[in-house]
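1. build me a model:
(2 chains)
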Amino acid sequence: MHNLKVLRKNFEHFKKSIEKRTVDINFDDLLRLDKENREFIQKKESLENEKKIISKSKDKSLFEKSKKISTEIEEINIKQKKIKSELDVILSNIPNIPHEDVPNGKDENDNIEVSKSGNTPTFDFKPKSHYELGENLEMLDFDLATKTTGSRFVFVKNKLALLERALSNFMLDIHTLQNGYQEISPPLMALENTMFGTGQLPKFENDQFELKIDKGSGRKFLIPTAEVILTNMVKDKIVNQNDLPMRFVASTPCFRKEAGSYGKDTKGMIRQHQFYKVELVSIVEQDNCLDELERMTNCAIKILDLLKLPYRKIILCSGDMGFSAEKTYDLEVWLPSENRYREISSCSSCSTFQAVRMKARYKDRKNDTLYVGTLNGSGLAIGRTLIAILENYQQKDGSIIIPKALRPYMNDLEIISTK
RNA sequence: GGAGAGAUGGCUGAGCGGUUGAAAGCACCGGUCUUGAAAACCGGCAAAGGGGCAACUCUUUCCUGGGUUCGAAUCCCAGUCUCUCCGCCA
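-> You can find the predicted model right below:
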């Protein structure tokens, strides 16, 4: 969320920056409501001041007047609150401003490749898709999941279940032991306000699974990514500058409705309602966001390198970035069956955008209170990594060679086959 | 599920109708001392919002929402959360 006070000062610049994103915001309403809101505040404050003076004087002859002022304040208050909530609706639906590094563009076609690694594998046979491979091995069962749960779920069985678990452990070990992240095993549910903090609400409510709980203790949602719960670890806090940067990693299931993607990736486990993901989150001093983004992206890249998976790094254009991001790198892994790269990680700096929503701050050396910077990135999406291994390491007979780095996590198993 | 206790600044913790935005301690920042550091001593230090170029000033905030009162951190009601004990349970 943007700080209104800052926004007011550089309004034209703000307006121009935000137009790089394909969103439609009523700036006139925003300005008008802001003005009205402040007028009401001024009226209210001068009356409150008057009342306070009477109360302090303890002059009984003025008590009646004070009562009258109270009712007047109440009337203004109601109006002001209404204006303020209208203002908040507009404000909370405005996305972050793209950083100046970010290329201008409309959609994914305008993203720019930054680098490419390794060679894509060549096969002397026609490579199969991950779901063919998995079903032939009898280790991915989509039909069973449809029967028990519905579409976009899967049963992962046998050695592939082991592979899934191994990937999670492997990635966590790299990030905790080599990359300096603290491992967290967080709740998989979040309150409405927590979801607001990272920007999933109010705008993207349709993508979230809401839980039906009869108690009146606030709405609860399944997390669509561990970013939500890890980033909110500093919600409503003023942390010490010495405690920054904070780096957290968690491997969790993620739950998404995928509401806008009917008919997209319906086959296989590319796009599921539930999937595992290892998530990296950094809380940093606000000026260190972009450095941290490079660092974080490299941490994710390290996993791909160790697994020897071919990938490329792209920078997202302004129109393709997520709501809270100021700058995003996607890592895309090569999928032989599709003959193209597919997203396996997305690393974003959110500048102070989420921090303002969460009220997450720190004291700097001058004792000023500043908003923290927040970053999140996948390191990596487990499901898609599993897919990438199946497809890139497949053999002619349908067996899968296990990448060397993973074997210690799989009881030294070297190959997955039906035998 | 039953029975109690509590929620105050970055943290610990006093206050229980009127200079209390809030004692004290810790942490943090500045200074004296020291070759440097520590210790000791002195000083500073809540947040949000409004007005002002600024110095500054005003308002709100002691879990949340209502209520009583000229006046509420303090009294009343409702809710949320936390802790302790009992029961149940992975």
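
2. show the contacting residues for A:Tyr409.
-> Under the criterion of Cβ atoms under 8 Å, 6 or more residues apart in numbering, the contact partners of A:Tyr409 comprise A:165-167, A:169-170. Every residue, glycine included, has its C-beta placed from N, CA and C.

3. those in helices, which ones?
-> Counting by DSSP state H, the contacts of A:Tyr409 place A:165-167, A:169-170 in helices.

4. need the max-distance pair from these.
-> A:Arg165 and A:Phe170 (9.5 Å; Cβ to Cβ).

5. give me the more crowded residue out of these two.
-> A:Phe170 (24 against 16; other Cβ atoms under 10 Å).

6. pLDDT at A:Ser351, what is it?
-> Per-residue confidence (pLDDT) for A:Ser351: 95.

7. and it, helix, strand or coil?
-> Using DSSP: H, G, I helix; E, B strand; the rest coil, the structure places A:Ser351 in coil.

8. number of residues surrounding it?
-> Neighbour count for A:Ser351, taken as other Cβ under 10 Å: 23.

9. the nearest residue to it once chain neighbours are set aside and RNA strand B, how far apart?
-> By the measure of Cβ to Cβ, 6 or more residues apart in numbering, the closest residue to A:Ser351 outside its immediate chain neighbours is A:Glu326, 4.4 Å from it. As defined by Cβ to the nearest atom of the strand, to the nearest Å, A:Glu326 lies at a distance of 20 Å from RNA strand B.

10. does any part of the helix or strand harbouring A:Lys67 sit near RNA strand B?
-> If you go by DSSP states H and E, A:Lys67 is part of helix A:63-92. Yes. For helix A:63-92, a contact with RNA strand B is found by Cβ under 7 Å from any atom of the strand, at A:63, A:66-67, A:70.

11. nearest to A:Asn240 among these?
-> A:Ser70 (42.0 Å).

12. can you report how many residues neighbour the closest residue to the closest one other than its chain neighbours?
-> Nearest residue to A:Ser70 in three dimensions, chain neighbours excluded: A:Lys51, at 6.8 Å (Cβ to Cβ, 6+ apart). Neighbourhood size, A:Lys51 [other Cβ under 10 Å]: 19.

13. so A:Lys51 is in which element?
-> Going by DSSP H and E, A:Lys51 is in helix A:27-57.

14. that helix and RNA strand B in contact?
-> Yes. Counting by Cβ under 7 Å from any atom of the strand, RNA strand B is contacted by helix A:27-57 at A:38, A:41-42, A:44-46, A:48-49, A:51-52, A:54-56.
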